[in-house]
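S.K.: generate coordinates for the sequence data below:
(one chain, ligands or ions: 1)
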Amino acid sequence: MQNHHTVLIIGGGTAGIMVASLMKRKDPQIGIAIIEPSDDHYYQAAWTLVGANTYDYDKTRRSMRSLIPDGVTWIQEYADKIDPQNKSVRTREGNKFTYEYLVVAPGLVMAPELVDGLTEAMDKGMVCSNYTDPNHTWEVLQKFQQGTALFTQPTTPIKCGGAPQKIMYLADDYFRKSGKRKNIDMVFATPGTVIFGVPEIKKTLLEVNDRKNINLRFGYNLVGVDAKEQIAWYTMAEHQRERNPVKVEIINDGDRKGIRYGMMHLAPPQAAPKFIRDSTLVHEDKWISVDSGTLQHTRYPNIFGLGDAAGLPTAKTGAAIRKQVPIVVENIRRLLKAQALSDNKYNGYSSCPLVTGYGKMVLAEFDYDNNFTPDPKLKQMLIFDSSKEHWRLWMLKKYILPYLYWNKMMKGIEV
Ligand SMILES: Cc1cc2nc3c(=O)[nH]c(=O)nc-3n(C[C@H](O)[C@H](O)[C@H](O)COP(=O)(O)OP(=O)(O)OC[C@H]3O[C@@H](n4cnc5c(N)ncnc54)[C@H](O)[C@@H]3O)c2cc1C
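M.R.: Alright, predicted model coming up:
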């Protein structure tokens, strides 16, 4: 196998495949290789719907082979050590690959070990997560009959920050439709200070939670899970407060507060993969240190980082990657021609399709400053205010976005 590549990409997920496809489309002669160990690629955004039994898990998976663009070399190995000085990447399999430009996009990993007892509790019994096993979420929702349904998230950054809420709204809808809701108390415990950072979306979501009578608890830092006693343990932030109180069993233990749950859905803590955290590429938060506008590494000009592993102060989503990819591709193409970086800068755009029930959705689109920035194209779908619940937005989530993902974004066609 050839060991030197003009552009070497680590990771064949949303970001890696899109960069390779767009770059090949723009400049077919550039030599590109992707280091990616997995046989499969997942459209993770649909896992929210899988957890609520309205999307087939198998349809979220495609073979990696079918997505690697023609003319791009697939190195099916694990990247293990990045050596920026020598412009090389060593793999776990013992091979060394050199590059002129490196694109680092290995996504993130689940880190349940950061919460006491969570490794043992994950995806078992009444503890579920759409992040790891959405089919198990659906089993739990069906099995659960009465008591406290706890929805929670960790203090680390997570991908798609809205996903822990989306499944809660769908669960509420399912519990109502199946006649169980009157026997269930629903609680959302978050370390955050607000339900959503964008004021227009926050307003709608508070109305949704009030309408659904969901108990919101802010300032709850998840520190432990006792799967046997079914207790989630928290330390309290100073900003702790509550909205829509319901009957919940709270256990006080020193500076910890426990919520006894009948079922729990959570986003586990998340982190950059170990080989990234151990590399010289990260800043002190252990995410890849890149310029927030150019996505160029802050110390190594021939390295770019994007996607979930990048330390960017915006929400980690596929939608964000859609806007990051053209910046990375344009900048590398310019550097290859010995030109300065582009004036086009990534503005922190990210988007979160907040499903609020079966057939209902709000679309949060925003930038680094949490400005609400709805896509003007939504008007063509007769959606004039995407900060409000709309069935057309649900159609976008369930049918149009998966189509665009597989047929346009994965093929390097800008949408
Ligand atoms: C439940 C859930 C709901 C979501 N909902 C939405 C949504 O509604 N909208 C939205 O836009 N986004 C959503 N997302 C987030 C979105 O899926 C991610 O932000 C996006 O997939 C990240 O892309 P990435 O390329 O950075 O990482 P990934 O797509 O996760 O890909 C990373 C790739 O790197 C590979 N890799 C890992 N380690 C190595 C290594 N050592 N060497 C080489 N390769 C490696 C992996 O095998 C993987 O293929 C959701 C995610 C989840 C889990």
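S.K.: please report the separation between the first and final residues of stretch 209-229.
M.R.: 28 Å (C-alpha to C-alpha, to the nearest Å).
S.K.: quick check: buried residues in it?
M.R.: Of all the residues in stretch 209-229, those buried under the rule 16 or more other C-beta atoms under 10 Å are 209, 212, 214-227. Where you see a C-beta, it was placed from the backbone N, CA and C, and this is true even at glycine.
S.K.: nearest residue to residue 161 other than its sequence neighbours?
M.R.: Nearest residue to residue 161, sequence neighbours excluded (C-beta to C-beta, 6 or more residues apart in numbering): residue 315, at 5.1 Å.
S.K.: ditto for residue 357
M.R.: Residue 357's closest residue in space is residue 173 (C-beta to C-beta, 6+ apart), at 4.1 Å.
S.K.: let me know the pLDDT of that neighbour.
M.R.: We have a pLDDT of 98 for residue 173.
S.K.: touching the ligand at all, the host helix or strand of it?
M.R.: Element membership of residue 173, judged by DSSP states H and E, is helix 163-177. Yes - Helix 163-177 is in contact with the ligand by C-beta under 6 Å from any ligand atom, via residue 163.
S.K.: which other helices and strands contact that helix?
M.R.: Helices and strands touching helix 163-177, by 3 or more C-beta pairs under 8 Å, 6 or more residues apart in numbering; DSSP states H and E, are helix 47-51, helix 134-143, strand 147-152, strand 184-190, helix 199-212, strand 263-266, strand 350-357.
S.K.: average pLDDT across the fifth one?
M.R.: Rounded to a whole number, the mean pLDDT of helix 199-212 is 98.
S.K.: do the second one as well
M.R.: Helix 134-143 carries an average pLDDT of 98.
S.K.: was I right to think the residue nearest to residue 357 contacts residue 394?
M.R.: No - look at residue 173 against residue 394 with C-beta atoms under 8 Å: they stay out of range, at 11.5 Å.
S.K.: what touches both of the two?
M.R.: Residues touching both residue 173 and residue 394 by C-beta atoms under 8 Å, 6 or more residues apart in numbering: residue 358.
S.K.: break the protein into its domains for me.
M.R.: Following automatic domain parsing, the chain resolves into domains at 4-108+272-345, 111-269.
S.K.: export these to CSV and tack on distance to residue 414?
M.R.: Shown next, in CSV, are the domains of the chain (distance: least, C-beta to C-beta, whole Å):
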stretch, distance to residue 414
domain 4-108+272-345, 6
domain 111-269, 22
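S.K.: per-residue confidence at the residue of the stretch 301-415 of the chain found nearest the ligand?
M.R.: The stretch 301-415 of the chain approaches the ligand most closely through residue 307 (2.4 Å), counting by C-beta to the nearest ligand atom. Note for residue 307: predicted pLDDT of 98.
S.K.: one step back: and which of the buried residues of stretch 209-229 is nearest the ligand?
M.R.: residue 222 (17.3 Å).
S.K.: the closest one and residue 164 touch, don't they?
M.R.: No - look at residue 222 against residue 164 with C-beta under 8 Å: they stay out of range, at 11.0 Å.
S.K.: contact residues of the stretch 101-250 of the chain facing the ligand?
M.R.: So the stretch 101-250 of the chain meets the ligand at 105-107, 130-131, 159-160, 163 (C-beta under 6 Å from any ligand atom).
S.K.: now the stretch 301-415 of the chain
M.R.: 307-308, 316-319, 321, 353.
S.K.: try 8 Å
M.R.: 306-310, 316-322, 350-353, 397, 401 (C-beta under 8 Å from any ligand atom).
S.K.: find the centremost residue of this protein, please.
M.R.: Most central in the chain under C-alpha atoms, centre = their mean is residue 159, positioned 2.3 Å from the mean C-alpha point.
S.K.: nearest residue to that residue in space, please, no chain neighbours.
M.R.: In space, residue 159 is closest to residue 316, 4.4 Å off (C-beta to C-beta, 6+ apart).
S.K.: can you pull the contacts of the one you found?
M.R.: 108, 157-161, 307-308, 350.
S.K.: try residue 258
M.R.: Here residue 258 is in contact with 226, 231-234, 250-252 (criterion: C-beta under 8 Å, 6+ apart).
S.K.: torsion angles phi and psi at the residue lying closest to residue 251 once chain neighbours are set aside?
M.R.: Spatial nearest neighbour of residue 251, excluding adjacent residues (C-beta to C-beta, 6+ apart): residue 258 at 3.7 Å. Backbone dihedrals for residue 258, given as degrees, to the nearest 10, come out at phi -110, psi 140.
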